[in-house]
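1. could you work out the structure for the sequence below:
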Amino acid sequence: GGTWFSEDLLRVFERMHADQDSTVKHCAFELWDASTNELLAVTAGFGVGCAFHDYSMCTLVRDDRGAGNVLTRTVGHLLRCCGYGIWYWGYKNPYMHSYDSYGGREFDRAEFWSRWESLRGRPAPEDVAEFIAAGGALVPPRVATALQSD
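-> Predicted coordinates:
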């Protein structure tokens, strides 16, 4: 019946995407079931330099495959391979502790801002979409598309 992702917010994101000089790069990672053509999980966020912040993560199909877990690990791998130095999730929910063995951890506000400031000014060495298209993803791409606006 509703979503926080409003039409106004979508227009702001579309303007940023269209602005070639914008340092904010939005992207959405989707995990699809190839056999059913069903969207299983999504992570959406933005990169600024070598810093990435997701603003929405969801698992649409909950079953024994662990689609959200697969997508989270895949996105982490992509970001690390492309040179991102931080992936900020915001509040750490209890289930997120399972990612500590992959480098996830909590840190205080001062460390966060220090890391964010040092990384946001450095461009990521590799474009995520290009890395995926070249076969670098842990899960092979179905189709890589860019945000399209009418």
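
2. where do the helices sit along the chain?
-> 7-18, 67-81, 109-120, 128-133 (DSSP state H).

3. which one of the ones you listed lies nearest to Ala44?
-> With Cβ to Cβ as the measure, helix 7-18 is the member of these nearest Ala44 (9.4 Å). The C-beta positions use only the backbone N, C-alpha and C, and glycine is treated the same way.

4. so what's the residue lying closest to Leu138 once chain neighbours are set aside up against?
-> Leaving out its chain neighbours, the residue that sits closest to Leu138 by Cβ to Cβ, 6 or more residues apart in numbering is Thr74, at 4.7 Å. With contact set as Cβ atoms under 8 Å, 6 or more residues apart in numbering, Thr74 has these partners: 29, 31, 137-139.

5. one step back: of all the helices of the chain, which lies closest to Lys92?
-> Of all those, helix 109-120 comes closest under Cβ to Cβ, at 12.0 Å.

6. list the buried residues of that closest one.
-> Buried positions in helix 109-120, judged by neighbour count with 16 or more other Cβ atoms under 10 Å: 115-116, 119-120.

7. what residues does that helix touch?
-> With Cβ under 8 Å, 6+ apart, helix 109-120 has contacts from 23, 48-51, 84-86, 88, 107.

8. among these, which pair sits farthest apart?
-> So, those by Cβ to Cβ: farthest apart are Thr23 and Phe107, at 23.4 Å.

9. coming back round to it: ok, so of the buried residues of helix 109-120, who is nearest Arg11?
-> Nearest member of those to Arg11, counting by Cβ to Cβ, is Arg120, at 23.8 Å.

10. tell me how far the closest one lies from Gly68.
-> Arg120 is 27 Å from Gly68, where distance means Cβ to Cβ, to the nearest Å.
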